[in-house]
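S.K.: I would like the atomic coordinates for the input below:
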Amino acid sequence: MDRHQVKPALGRPRSQQAMEAVLTAVRQLLQTSAYKELTMEGIAKAAGVGKPTLYRWWPNIASIVMDMMTQQAHHDIGVPDTGSLESDLLLYIGDTCRSLTQGAGGIMRSLMAEAQFDDGFAQIFRESFISSRRATLIALLQRGAARGELQEGADLELLADLCYGPIWYRLLNGHASLDEPFVQAITAHIIMRG
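M.R.: Residues are numbered from 1 along each chain as shown. Here you go, the predicted model:
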């Protein structure tokens, strides 16, 4: 099996302490090194675990980094519930854009690139990271719809695409910033379209 293909986890359940050590090590390594410079050997050494442990839990570096980014997203990007869809979207989209501009953007670009060349990782990336972020946004939209802040029958999946599409486009192309006026424009567009 190619080392980039996804394989099921085997062996003992993950030790929470060792898993945290690995994710912390990856976060720290990415502060001084580029994604493409990461190696399983380097991660294992920095985390104080054996390389076989990494391969038992993750099929490749991209999967480790994705787990670290998922953990970071849950920490950095809150799930606001202000009672107003507009306020919730401003907070959620603003936190997302700030996270991407304050270090996570380059890593996300690397993971997106990896997903273009590794079908197994692409599937995990969609089913884990992307779907969890979309589910959070759709939950905000559902609450807004229940309060009558969106048109009845609004296509929430399309509204999520209309939110994330411009963010990823700017992130990948770097032609414009993910700043506060951009956050306000996306929010206004979603409210208007919904």
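
S.K.: Okay, helices next: where are they in the chain?
M.R.: 16-32, 40-47, 51-57, 61-76, 85-99, 105-117, 119-125, 131-146, 156-173, 180-193 (DSSP state H).

S.K.: Reformat these as CSV; add mean neighbour count and mean pLDDT.
M.R.: (Glycine included, C-beta is placed from N, CA and C.) Output for the helices of the chain, formatted as CSV (neighbours: other Cβ atoms under 10 Å; pLDDT from 0 to 100):
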stretch, mean neighbour count, mean pLDDT
helix 16-32, 16, 94
helix 40-47, 17, 97
helix 51-57, 17, 92
helix 61-76, 19, 95
helix 85-99, 20, 97
helix 105-117, 17, 96
helix 119-125, 17, 95
helix 131-146, 17, 96
helix 156-173, 16, 96
helix 180-193, 15, 95
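
S.K.: Please tell me how far stretch 180-194 is from the chain's geometric centre.
M.R.: 21 Å (Cα atoms, centre = their mean, to the nearest Å).

S.K.: okay, it in PDB with CA atoms only?
M.R.: Extracted C-alpha coordinates of stretch 180-194, given in PDB (Å, rounded to 0.1, in the frame of the first residue of the first chain):
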ATOM      1  CA  GLU A 180     -12.800  42.900   8.200                       C
ATOM      2  CA  PRO A 181     -14.500  44.600   5.200                       C
ATOM      3  CA  PHE A 182     -14.400  41.300   3.400                       C
ATOM      4  CA  VAL A 183     -16.000  39.500   6.500                       C
ATOM      5  CA  GLN A 184     -18.700  42.200   6.500                       C
ATOM      6  CA  ALA A 185     -19.300  41.800   2.800                       C
ATOM      7  CA  ILE A 186     -19.700  38.000   2.900                       C
ATOM      8  CA  THR A 187     -22.000  38.300   5.900                       C
ATOM      9  CA  ALA A 188     -24.200  40.900   4.100                       C
ATOM     10  CA  HIS A 189     -24.300  38.800   1.000                       C
ATOM     11  CA  ILE A 190     -25.400  35.700   2.900                       C
ATOM     12  CA  ILE A 191     -28.100  37.600   4.800                       C
ATOM     13  CA  MET A 192     -29.300  39.200   1.500                       C
ATOM     14  CA  ARG A 193     -29.300  35.900  -0.500                       C
ATOM     15  CA  GLY A 194     -30.800  33.900   2.400                       C
END
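
S.K.: Kind regards, and thank you for your time.
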